[in-house]
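Engineer: any chance you can model this:
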Amino acid sequence: MKLEYEEIEDIYDDTTKIRTMTEQAIVKKKGVLLRTTVYSSHQLSVSVVFVPGAKPFEPVVS
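Structural biologist: All right, here's what the predicted structure looks like:
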């Protein structure tokens, strides 16, 4: 299954030179997959969380 991600937030801090990007992918009738990526000049960090849906299901950004 290929997921299509939508951007929720994209922030760049000039002081620390760190960029943070959060995206969501809707898993049909099951919930939302949230992916947060932190980019720095020395490291890349990714966190993925699945949020199960409830009735009625609403994504974070539609």
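
Engineer: going forward, measure contacts between C-alpha atoms and count neighbours the same way
Structural biologist: Will do.

Engineer: excluding residues flanking it in the chain, which one is nearest V27?
Structural biologist: Take V27 and drop its neighbours on the chain: the residue closest to it by CA to CA, 6 or more residues apart in numbering is L33, 7.0 Å away.

Engineer: the residue located most distally from the centre of the chain and S40, how far apart?
Structural biologist: Residue farthest from the centre of the chain, counting by CA atoms, centre = their mean, is T15 at 23.1 Å. Relative to S40, T15 is positioned 12 Å away (CA to CA, to the nearest Å).

Engineer: what is the neighbour count of the residue nearest to V27?
Structural biologist: 18 (other CA atoms under 10 Å).

Engineer: how about the contacts made by it?
Structural biologist: For L33, the contact set (CA atoms under 8 Å, 6 or more residues apart in numbering) comprises Q24, A25, I26, V27, V48, V49, F50, V51.
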